[in-house]
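K.L.:
Let's see this in three dimensions:
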Amino acid sequence: MTLVTTEIKEVNQRKIAYLYLDNPETRNSMTWDMGIRFKEEIEKLNNSSEKISCLILTGKNNIFSSGGDLGLLRSFKDQTFEKNSADMYEFYNNFLSIRTLPFPTIAAVNGHAVGAALSLALACDLRVFSTTSKYSFNFVKLAIHPGMGSSYIVRELFGGNMANTLLMMAEAITGEDAKEMSLCQDAVAQPDVVRRAAEMAINISESGPLALRLLKQNSYNHEELQKALRREAEAQSKCFMTNDFLESLNSIIEKRKPEFKDD
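P.N.:
Predicted coordinates:
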């Protein structure tokens, strides 16, 4: 099973890397194994001798990602708080390793992106969404604290008011809505998402490489993100121990609205 694939294309004498989520059987749900493969591909790009000017993150087969894998989520119910905290912190960092790349990254979100998948998109420097696809942070609807850095990254990028709107209300929005809210740089028809991201990558590649690398280096506070990831891992682990979390998983399988009892 491939899970994650990478290719480097040369355009106008500049090299652009493409990183694909590639597990159509699960609609690219973010599994433990996918996270490990994802980090391996990021490490290869970090150590590559190729002079890469930009990376485009997208999904194969017109699918971006359905978010956290249901089977993985269910497994947390049977683990200890300590193991869940450690596992979640590692899981976040596997995917958020994309922030360690020295060159700009563009998320070509060519389909629905829910929960952790939307967090991954926001971890990139720039974003193109599909106008008609749906995007949401559904964590609290699953009776769990937001994860994958979302409680920090959304505030970092858009401020507290937007973070509260997206994370607390947890409503689904279209790519068109997202553009109006400035969550992405552009929103286009689904078949055109990757093409539009490539146009942006070509534009970026015409700038000074060192200037871009230094700008990228100075744009984010990596230490604060790591602190936030530890807080999220502990908060999610507390939620995994509750009956409300189990109720949320059962409601998904039974296709009904969950009945939370705060226990």
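
K.L.:
for the stretch 1-150 of the chain, which spans come out with low pLDDT?
P.N.:
Residues of the stretch 1-150 of the chain that meet the criterion pLDDT under 70 are absent altogether.

K.L.:
Please, where are all the helices along it?
P.N.:
According to DSSP state H, counting those that start in this stretch, the stretch 1-150 of the chain carries its helices in the segments 32-46, 70-75, 81-96, 116-122, 150-158.

K.L.:
Need the winner for burial among those.
P.N.:
With neighbours defined as mean count of other Cβ atoms under 10 Å, these peak in mean count at helix 116-122, which reaches a mean of 27. From N, CA and C alone the C-beta is placed, and that goes for glycine too.

K.L.:
ok, back up a step: list just the one of the helices of the stretch 1-150 of the chain that sits closest to D177.
P.N.:
Nearest to D177, of all the helices of the stretch 1-150 of the chain, is helix 116-122, at 12.8 Å by Cβ to Cβ.

K.L.:
contacting residues around the closest one?
P.N.:
Under the contact criterion Cβ atoms under 8 Å, 6 or more residues apart in numbering, helix 116-122 has outside partners 28, 30, 57, 64-68, 95-96, 98, 107, 109, 113, 127, 135-137, 146-150, 153-154, 157, 183.

K.L.:
Please apply the same query to stretch 253-263.
P.N.:
Contacts of stretch 253-263 with the rest of the structure, by Cβ under 8 Å, 6+ apart, involve K141, A143, T242, N243, D244, E247, S248, N250, S251.

K.L.:
again, only this time at 7 Å
P.N.:
A143, T242, N243, D244, E247, S248, S251 (Cβ atoms under 7 Å, 6 or more residues apart in numbering).

K.L.:
now swap in stretch 32-41 and tell me
P.N.:
The contact list for stretch 32-41 (Cβ under 7 Å, 6+ apart) reads L3, V4, T6, L19, N23, L72, F91, N94, F95, S97.

K.L.:
again, only this time at 6 Å
P.N.:
With Cβ atoms under 6 Å, 6 or more residues apart in numbering as the test, stretch 32-41 has contacts from L3, V4, T6, L72, F91, N94, F95, S97.

K.L.:
ok, now stretch 229-242?
P.N.:
So stretch 229-242 is contacted by 76-77, 81, 84-85, 88-89, 92, 144-145, 147, 149, 151, 245 (Cβ under 6 Å, 6+ apart).

K.L.:
Strands of the stretch 1-150 of the chain, residue ranges please.
P.N.:
Assigned strands in the stretch 1-150 of the chain, in chain order: 3-11, 14-22, 52-59, 105-109, 113-114, 126-130, 134-136 (criterion: DSSP state E, counting those that start in this stretch).
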